[in-house]
Structure formats: structure tokens, C-alpha cells
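1. need a structure here:
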Amino acid sequence: MYITDLRSISPQKTYTNEFLKGELVHHDGIIFNVTEPDYMELIPRGLLRRMGKAVRMGVGTGLPLIQNNKNIDGILMGTANGGLENCIDFLNQIVEYDEGMLTPTNFVQSTPNAIAGQLALMDQNRGYNTTYTNGGHAFENTLLDALLLFEEGNAKKLLIGGIEEISNYNYNIDFLADHYKEVAVGNFDLIDSLTKGSVCGEGSNMFIVESEASQYYAKIEDVEQLTFPKEEDIELCVKSILERNNIQHNEIDTLMLGMNGDIDHNVWYEHVSEQLFPDTNVLTFKHLVGEYRTCTSFAVWLSAHILNGERSFMSSIEKRKIENKPIQHILIYNHFDEVNHSFILLKK
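-> Numbers count the residues shown, from 1 in each chain. Sure, this is the predicted structure:
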């Protein structure tokens with residue numbers, strides 16, 4: 001499966017590609033909000049005024065891809081919470097108006113599939129359209145579904161993506177569950193933080209993927225998911241991925257790890273980097289965009305650009321650098337709250 005086009009809205013200046021030139025946004029806090037572009041030239045004002053943040057970000061990243069790539073066979077989105085802010089507003093209106101006449105906008109955009117639906121309506125795309133909402137594996141499921149569609153011959157070109165917004169409601173719930181830090185930390189101090197919790201992030205990262213392509217950013221070779229694994233399960237999963245793709249262990253030259261500054265979560269990443277791949281480049285990404293359930297979509301966006309030869313930002317994400325080891329394969333390993341673990345393998 002080949003990535004032929006991609007877009008990102010994140011806490012970094014990724015939409016305008018200034019991040020790729022080495023310009024980094026420094027955050028200091030426990031919430032990393034996205035740097036949103038000017039949507040006026042892209043989205044009609046009447047639609048934009050009624051869009052919630054998740055839908056706005058999703059359309060902002062997805063619509064340019066649809067406009068630049070015709071004949072898309074389907075739209076697949078992954079989001080754990082969708083437009084949760086709109087959903088809560090709608091539920092509050094039910095109480096406020098005593099189940100009377102409600103504002104339709106919040107209802108229409110309250111469901112997670114509003115993003116994929118809005119993109120399909122704007123493009124008049126009648127193809128396969130689905131949204132996965134299963135927590136920390138939501139984006140991985142879009143990859144798996146796309147791989148299956150290509151393998152079965154039911155599609156040649158798809159739009160896939162991962163979107164998450166920060167709302168007061170889901171932030172408060174996750175904060176009470178000890179997902180986030182109580183004291184502000186600078187993003188470039190986050191990875192080496194020795195306290196519990198991470199920082200809350202958000203973003204929208206989308207890709208055009210094709211079953212065959214002569215020009216592309218990177219090839220997605222495989223994706224694997226685990227829930228509540230043990231260390232031996234992680235080892236077996238890595239072995240299975242390598243065997244399934246006929247790749248030798250030493251051919252994995254780069255790891256992209258989801259280290260998030262939570263001291264309790266480090267053991268998983270240290271096991272993979274120190275025990276399974278001790279002589280491998282190690283990169284990190286959550287200090288750039290924060291922690292959220294579909295942030296592996298940003299890791300794929302970042303990895304695709306690296307494999308395409310864009311390296312101006314590399315010094316800001318290198319955790320361990322092995323000299324004279326070129327980057328040909330990137331294995332992304334991430335987990336959310338030690339429950340949903342995933343591996344994504346990309347190749348140059």
C-alpha cells in the first residue's frame with residue numbers, strides 16, 4: 001500500500017510544511033493545541049461557520065487531497081472521540097429545551113462519522129465510507145481495512161486518516177484517569193520527564209493510499225495490533241511481522257516510538273529499543289504533538305516524509321542515532337495507556 005499524497009494539521013506548522021524546513025513550535029503546558037490554517041479559501045463560509053473543530057480539521061486536511069486526487073474509491077477515518085464537543089452540546093440541549101425543538105447542527109456533527117460523511121458530500125463521493133472509533137486502535141483499523149480492500153481488489157485508491165480534537169469533557173475524564181501531567185512541561189523536555197502522565201494533544205493527519213504506484217512517499221508494508229499484551233507477546237508480534245514480510249531483523253534500521261513522558265509507560269518502549277533492536281536508530285514524535293488516541297497517524301505522516309528524504313527536522317526527533325545507518329525501513333511502535341499496542345511497518 002503506497003502513500004502518494006498526505007496532509008497534516010497538528011500543534012506544529014505541518015499544514016504549510018514549515019515544520020519540514022526545520023521550523024519548530026515550542027509548547028509549554030499540558031495541552032498542545034493545533035496550529036490551524038486559514039480555511040476561508042478552502043471551505044465555504046456558510047459550511048465553515050457550522051463546523052465543529054474535529055470536522056473543520058478533517059475537512060481542512062481531507063478536501064485538498066480529494067481535490068488533487070480524482071477517482072477515490074472510498075473514505076476511511078479513525079477517531080476515538082470524533083466531535084465530542086458537539087455531542088455534549090447536543091445532549092445538553094435535550095435537557096435545556098426539555099426534549100423540544102433542538103438545533104440540528106450539533107446533532108449532525110455529534111457523531112464520529114460526520115467527518116467522513118462531510119468529505120463524501122463535498123466531493124459527491126458515493127464509494128465505501130466508514131469510520132472506526134475503537135480507541136487507541138482506531139487509526140490502525142483504517143490501515144488494516146485499506147490493506148484488505150486492496151488485497152481483495154475492491155479498491156485502487158483510498159483516502160484514510162486519523163482525527164482527534166481536545167474538548168473540555170474528554171480532557172477532564174482523561175485527566176482524572178491520570179493520563180496527563182499536573183505540572184506544565186516544555187515539549188522538548190517531555191520525553192525525558194520522570195513523572196507520571198503525558199500532555200494532551202490533537203490533530204488531523206490524512207493520506208491518499210494506492211494499491212500500485214510508481215511515485216510515492218513511502219510504502220506501508222504491514223500493521224499489527226495487540227490488546228493487554230505481555231512482553232513475550234510483543235516479541236512474538238515483531239517476529240511475525242518480520243517473517244510475514246520477508247525482512248531480516250537487521251534490516252529494521254529505524255524505530256519510531258510513542259514515548260510520551262510518562263515514567264510508567266517507558267518500560268514497553270525500552271524493551272523494544274534496548275532488548276529487541278539495540279543497534280537501531282530511535283526516533284520519537286509525541287513531544288511535537290502530544291498524546292492522543294490516533295496520534296500514530298502523525299507518526300505515519302512523519303515517517304513518510306523521512307523515507308521520502310526530508311530530514312531538516314531530524315535533530316529534534318532523534319533519541320538514538322546510529323552513524324552510517326541509512327533509513328530504509330521504519331517500524332512504528334506505540335501504545336495508549338498500556339492497553340492498545342500497535343506496530344506499523346513502512347518501507348522506502
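
2. Spatially nearest residue to Trp202 (excluding sequence neighbours)?
-> One correction, residue 202 is Glu, not Trp. Ile166 (4.6 Å; Cβ to Cβ, 6 or more residues apart in numbering). Using the backbone N, CA and C atoms, a C-beta is placed for each residue, glycine as well.

3. Contacts only, for the one you found.
-> Ile31, Asn33, Cys200, Gly201, Glu202, Tyr292 (Cβ atoms under 8 Å, 6 or more residues apart in numbering).

4. Please confirm that it is located within a strand.
-> No - judged by DSSP: H, G, I helix; E, B strand; the rest coil, Ile166 forms no part of a strand; its state is coil.

5. Sketch out the strands for this protein, chain order is fine.
-> 2-9, 28-29, 74-78, 128-132, 157-164, 185-186, 203-210, 218-227, 254-257, 281-284, 318-320, 329-336, 340-347 (DSSP state E).

6. between those, which gets nearest to Asn245?
-> strand 218-227 (5.2 Å; Cβ to Cβ).

7. The closest one pairs with which strands, and in what direction?
-> Note on strand 218-227: by DSSP bridges, its sheet partners are strand 2-9 (antiparallel), strand 340-347 (antiparallel).

8. Now do the domain split for this structure, please.
-> When the chain is parsed with automatic domain parsing, its domains come out as 2-210, 221-347.

9. ranking the ones you listed by mean pLDDT, which is last?
-> Mean pLDDT is lowest for domain 2-210 out of those, coming in at a mean of 90.

10. Give me the distance between that one and the centre of its chain.
-> Centroid separation between domain 2-210 and its chain, computed with Cα atoms, centre = their mean, to the nearest Å, is 9 Å.

11. any chance of the strands paired with strand 218-227 in CSV, with mean neighbour count and distance to Phe228 too?
-> Listed next are the strands paired with strand 218-227 as CSV, based on neighbours: other Cβ atoms under 10 Å; distance: least, Cβ to Cβ, whole Å:
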stretch, mean neighbour count, distance to Phe228
strand 2-9, 22, 30
strand 340-347, 23, 9
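
12. Of all these, which one comes closest to Glu310?
-> That would be strand 2-9 among the strands paired with strand 218-227, by Cβ to Cβ, at 11.6 Å.
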